[in-house]
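J.: Pasting the sequence and the predicted coordinates here, then a few questions.
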Amino acid sequence: MDPDHNQTVNPKQLAAFRAVIVSGSVTGAGKILHVTQPAVTRLIKDLESQLGLTLFTRRAGRMTPTAHAQTLYRNVERYFFGLERVLDAARTLRNNRGGQLRIAAMPTLSSRTLPEAIGRFRRRYPEIDIAIESEVSIRILDAVMNDEVDLGIGRVPKERDDLARLDMPTSEAICILPKHHHLAERSEIFARDLSGEPMVTLGASSLLRLQVDSALRLAGVVPGSTIQTLFSNTASTYVANGLGIAVVDLFSILGADLSQIEIRRFNPRITFDFAAVYPDGHRSPLAIAFARELRDVVSDEISDMQDRLAAK
């Protein structure tokens, strides 16, 4: 069958496809969609027929996504994301609300920085609906470029002059250690001190991870065993459990339980800078107002951390 001559794909087929991917089974998809398993199976088969693609391999009653399905899933998610935006906009209009602000931000800001900024922003704009999407910086820039969000907050390479931006105040990476660690008696941790020490590191795509790795190499340091975590705001949990030392941005620990970790300056100094960026040709007044509020929060938090470190 030539898919180019097929009728338009039914949204119910896409919903079934998405539900099978997310739940991992036809049974799970049926529960999500409140339909029978045969109905889900039929929708998937119809979708495969219309697209001319094999989306799942079937073996021993299980359906495993093919490479085509994985690629298609990313596009289907964009479809549902766009649909959700339309429904949110309609809900805002129906309820005579003040509007909606869509933000993609680094997960490290979700612990305390973003909630604080949203709280301050809400005092000025109480009727605004806010949608937050946590993403790594590379994905955030893509979302901004594709006009999927009103505002992106992430680490932006200096050479990206194609994006309108508001730079946040610059801070420095800090070193966090388990409580009672033998290095905790020092007021500052040097790269050379980490030789042979177990470490909690960030994901390989993290710019801060690359900066830390570079500092260790320059110092001729080879750390001990490592635990890698994708997001910096989870590193403190591993450190608090005595599993290693981490070099992270200060924002990642602001909402954490600090009773089981020690915070110290790290040498050499590693700058941590990020920015608020806007879609090309479209700068929402609400996005600009929120970015300015966020900048004030970031400035306050950096000042508080500097005072804390100075007291060590």
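T.: Structure's in. What do you need?
J.: Low-confidence regions, this structure specifically.
T.: The model of the chain has pLDDT under 70 over residues 1-7, 61, 85-98.
J.: how's it carved up into domains?
T.: If you go by automatic domain parsing, the domain ranges for the chain are 3-73, 97-169+273-307, 171-272.
J.: Just put the ones you listed in a markdown table and tack on distance to residue 83 and mean neighbour count.
T.: No exception for glycine: its C-beta is placed from N, CA and C like everyone else's. Converted to a markdown table, the domains of the chain look like this (distance: least, CB to CB, whole Å; neighbours: other CB atoms under 10 Å):
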| stretch | distance to residue 83 | mean neighbour count |
| --- | --- | --- |
| domain 3-73 | 8 | 15 |
| domain 97-169+273-307 | 13 | 18 |
| domain 171-272 | 28 | 18 |
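J.: export those to JSON lines and tack on distance to residue 79?
T.: Listed next are these as JSON lines, based on distance: least, CB to CB, whole Å:
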{"stretch": "domain 3-73", "distance to residue 79": "7"}
{"stretch": "domain 97-169+273-307", "distance to residue 79": "12"}
{"stretch": "domain 171-272", "distance to residue 79": "26"}
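J.: List phi and psi for the most centrally placed residue in the chain.
T.: Centroid-nearest residue in the chain: residue 135, 2.4 Å away (criterion: CA atoms, centre = their mean). Backbone torsions for residue 135, taken as degrees, to the nearest 10, come to phi -150, psi 160.
J.: Ok, residue 125 next?
T.: Note on residue 125: backbone dihedrals following degrees, to the nearest 10 are phi -130, psi 70.
J.: My read is that it contacts residue 287, right?
T.: No: proximity of residue 125 to residue 287 does not meet the contact threshold set by CB atoms under 8 Å, at 11.5 Å.
J.: just to revisit the earlier point, return the residues in contact with the residue nearest to the centre of the chain.
T.: Residues counted as contacts of residue 135 (CB atoms under 8 Å, 6 or more residues apart in numbering) are 104, 105, 106, 107, 143, 154.
J.: Just the ones in helices from those residues, please.
T.: Among the contacts of residue 135, the members found in helices (DSSP state H) are residue 143.
J.: Go through the contacts of residue 135 and say which is closest to residue 260.
T.: Using CB to CB, the shortest approach to residue 260 within those belongs to residue 107, at 21.1 Å.
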